[in-house]
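A.B. asks: This is a predicted model, with the sequence first.
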Amino acid sequence: MGRHDDLWSLFYMLIEFVTGQLPWRRIKDKEQVGQMKEKYDHTNFLKSLPSEFKVKENKIVYFFFFVL
């Protein structure tokens, strides 16, 4: 695990703080969680962010989906 994984963890933590949970919260199997994360449309997370994040929505998407 490296910096790449740390940034994804930060992203998921921020989303969980804002929304209260993640879609795979109740799943115990790590492999199944990994598959959900790969298939999940992460732009859905951005819809639930506060308005302060909306201004930079395109930059957030670019950062997490093209840089990582």
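C.D. replies: That came through, no problem.
A.B. asks: tell me the SS of the residue positioned nearest the centre of the chain?
C.D. replies: The centroid of the chain falls nearest to residue 12 when counting by Cα atoms, centre = their mean (4.2 Å). Judged by DSSP: H, G, I helix; E, B strand; the rest coil, the three-state class of residue 12 is helix.
A.B. asks: Look at the residue nearest to it when sequence neighbours are not counted and give its secondary structure.
C.D. replies: What sits nearest to residue 12 in space, not counting adjacent residues and going by Cβ to Cβ, 6 or more residues apart in numbering, is residue 22, at 6.2 Å. Any C-beta I mention is one placed from the backbone N, CA and C, and that applies to glycine too. With three-state DSSP as the basis, residue 22 sits in coil.
A.B. asks: Tell me both backbone torsions, phi and psi, for residue 22.
C.D. replies: Phi and psi for residue 22, reported as degrees, to the nearest 10, are phi -110, psi 160.
A.B. asks: Isn't it up against residue 11?
C.D. replies: No. Judged on Cβ atoms under 8 Å, residue 22 makes no contact with residue 11 at a distance of 10.5 Å.
A.B. asks: Where does residue 25 sit, in terms of helix or strand?
C.D. replies: For residue 25, there is no enclosing helix or strand under DSSP states H and E.
A.B. asks: What score does it have for pLDDT?
C.D. replies: Looking at residue 25, its pLDDT is 91.
A.B. asks: one step back: and the residue nearest to the centre of the chain, what's its pLDDT?
C.D. replies: As predicted, residue 12 sits at a pLDDT of 85.
A.B. asks: I'd like the distance between it and residue 40.
C.D. replies: Look at residue 12 and residue 40: by Cβ to Cβ, to the nearest Å, they are 11 Å apart.
A.B. asks: go on, residue 10?
C.D. replies: In terms of Cβ to Cβ, residue 10 sits 17 Å off from residue 40.
A.B. asks: same check, this time on residue 19
C.D. replies: The spacing between residue 19 and residue 40, counted by Cβ to Cβ, is 13 Å.
A.B. asks: Same check on residue 20?
C.D. replies: Noted for residue 20: a distance of 17 Å to residue 40, by Cβ to Cβ.
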